[in-house]
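Chemist: no letters, just coordinates:
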C-alpha cells in the first residue's frame, strides 16, 4: 500500500470534492491510501503540516498557491510533489475589478516549474502550466456517474436549471433577459437555481433551492434542461465544465457559453447547444422546451459522453498509475 498526502485549501469546496476527495475510496482499492489535510491558516500549524510531507512518498497539493517560505518548506520535505488545479488560479476571478495579479503569477510559476508533475483540468490550464516550465498532464475533472440513477420520463412543468455556488452568480446576468422572455411566453416553465444562497435577479421569478450534498442528485433529476452561461475572460477559460458534467450524468441536455472546457464537453446539436448572444439563448432554450423528445434524446447522448470520457470509474486507474509512477 502506498500512502500519499493531499493538501487542500478548503475541504468543503467543490474543487476538493471532485478533484481529490471523490478518489480517496476508489484509490484504496488500487492499493493507494490518501490522507487529506486542509492547509491551516496559523503559521505554526501550517509549518507542522508541511513538514509532515516528509512522511509520505508523494504529496498532492491541490489548487493552493503557497507563498515563497511555505513552498520552499514543502518542496524541501516532499519527496515527490504533484500540483493539481482546475481553475485559472494565476488570475483573479470574474468578480474582481482586474484579472492580473503579479503575486499570483509569481507563485504559480514557482510552483508549476518546480513540482514533479502538474495535473491540469483542461487544455487552457495545461498551456498555462507548460509556459511556467512545468511537466504537465491533462487530467479532466470527472463525476461519479454511478451516483445518478437512470432518468425517468419527465412529468409536470419543464424546468430550466442552474446549479452552482453564489460566487458564480455573476454569470446568470447573461441570461436574465432570455429567461424573463421565456417565462412570460411559456408560463408553465420554471427557472430553478440550486445554490448556497439565493441569486439577486430583480424582476425574474426564480425557484430557489438550497444546495445540500445529500439532495444534489435529486435536484439535478428535477431539471429538464441545464444551463451554464459564462463570460469569456482569463478566469472562465480555465473552468472545467463541472456543471455540464453533472447535467450530462443526470441525462440532461445543456445550453452553454462556448468558453473553456465547455467547448469539449458540449457536442453541438447532439448533447446540447452553445449560445453566445441573448437571442441565441432564447432560441436554443425555446427549441428544447418545445420538444420533450429532443430533450430526452440529447440527454441520453450527454450521459453516454460523460460515461465514456468524464467518469470517475474511468479516471481512477489512470490516476493510480500516475501516482505510482511519480512515487517510484
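Modeler: Noted; the coordinates are in hand. Values in this document were obtained by computation on a predicted structure and should not be read as measured data.
Chemist: can you give me the buried ones in the host helix or strand of residue 176?
Modeler: Secondary structure assignment for residue 176, by DSSP states H and E: helix 176-185. Neighbour-count burial for helix 176-185, with 16 or more other CB atoms under 10 Å as criterion, is recorded at 176, 178-183. C-beta coordinates here come from the backbone N, C-alpha and C atoms, glycine included.
Chemist: same question, stretch 30-39
Modeler: By 16+ other CB under 10 Å, the buried positions in stretch 30-39 come out as 30, 32, 34, 36, 38-39.
Chemist: CSV please, covering those residues and showing secondary structure and pLDDT.
Modeler: What follows is these, written out as CSV (DSSP: H, G, I helix; E, B strand; the rest coil; pLDDT from 0 to 100):
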residue, secondary structure, pLDDT
30, coil, 97
32, strand, 98
34, strand, 98
36, strand, 98
38, strand, 98
39, coil, 98
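Chemist: now, among those, which is nearest to residue 71?
Modeler: Using CB to CB, the shortest approach to residue 71 within the buried residues of stretch 30-39 belongs to residue 39, at 11.7 Å.
Chemist: from memory that closest one sits against residue 8, does it?
Modeler: Yes: the criterion here is CB atoms under 8 Å, and residue 39 meets it with residue 8 at 6.9 Å.
Chemist: so, low pLDDT: which residues of this structure?
Modeler: 152-153 (pLDDT under 70).
Chemist: so residue 203 makes contact with residue 177?
Modeler: No: with contacts defined as CB under 8 Å, residue 203 does not count as touching residue 177, sitting 9.7 Å away.
Chemist: so in this protein, which helix runs the longest?
Modeler: helix 292-309 (DSSP state H).
Chemist: which helices and strands does that helix pack with?
Modeler: Other helices and strands packing on helix 292-309, by 3 or more CB pairs under 8 Å, 6 or more residues apart in numbering; DSSP states H and E, are helix 242-249, helix 278-289.
Chemist: how about a cut-off of 6 Å?
Modeler: Under the contact definition 3 or more CB pairs under 6 Å, 6 or more residues apart in numbering; DSSP states H and E, helix 292-309 sits against helix 242-249.
Chemist: could you point out the helix or strand that follows the helix it packs on?
Modeler: Going down the chain from helix 242-249, the next helix or strand is strand 254-256, by DSSP H and E.
Chemist: roughly how far out does that next one sit from the chain middle?
Modeler: Counting by CA atoms, centre = their mean, to the nearest Å, strand 254-256 is centred 15 Å from the centre of its parent chain.
Chemist: going by distance to residue 282, which of the buried residues of helix 176-185 wins?
Modeler: Using CB to CB, the buried residues of helix 176-185 come closest to residue 282 at residue 178, 4.1 Å.
Chemist: contacts only, for the closest one.
Modeler: Contacts of residue 178 were listed using CB atoms under 6 Å, 6 or more residues apart in numbering, and they are 278, 281-282.
Chemist: redo the residues you listed as a markdown table? Include distance to residue 166 and neighbour count.
Modeler: Formatted as a markdown table, the entries for the contacts of residue 178 read as follows, by distance: CB to CB, whole Å; neighbours: other CB atoms under 10 Å:
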| residue | distance to residue 166 | neighbour count |
| --- | --- | --- |
| 278 | 23 | 15 |
| 281 | 21 | 26 |
| 282 | 25 | 19 |
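Chemist: list just the nearest of these to residue 151.
Modeler: Distance from residue 151 was checked for each of the contacts of residue 178 by CB to CB. The minimum falls on residue 281, at 23.7 Å.
Chemist: roughly how far does that closest one sit from residue 163?
Modeler: 18 Å (CB to CB, to the nearest Å).
Chemist: find the nearest non-adjacent residue to residue 95, please.
Modeler: Counting by CB to CB, 6 or more residues apart in numbering, the nearest residue to residue 95 once its immediate chain neighbours are dropped is residue 170, at 5.7 Å.
Chemist: could you do residue 177 as well?
Modeler: Among residues not flanking residue 177 along the chain, residue 278 sits closest, at 5.5 Å (CB to CB, 6+ apart).
Chemist: then residue 3?
Modeler: If the residues on either side of it in the chain are set aside, residue 3 comes closest to residue 33, at 4.1 Å by CB to CB, 6+ apart.
Chemist: wait, is that neighbour part of a strand?
Modeler: Yes: inclusion of residue 33 in a strand is indicated when DSSP: H, G, I helix; E, B strand; the rest coil is applied.
Chemist: now the strands for the chain?
Modeler: Along the chain, counting by DSSP state E, strands occupy 2-8, 32-38, 59-62, 81-85, 117-120, 136-138, 159-163, 190-195, 207-210, 225-228, 254-256, 272-274.
Chemist: quick check: which of the ones you listed is nearest to residue 110?
Modeler: Closest among the strands of the chain, once you apply CB to CB, is strand 81-85, at 10.5 Å.
Chemist: between the closest one and strand 2-8, how many degrees?
Modeler: If you take axes from the mean of the first three to the mean of the last three CA atoms, to 10 degrees, strand 81-85 sits at 40 degrees to strand 2-8.
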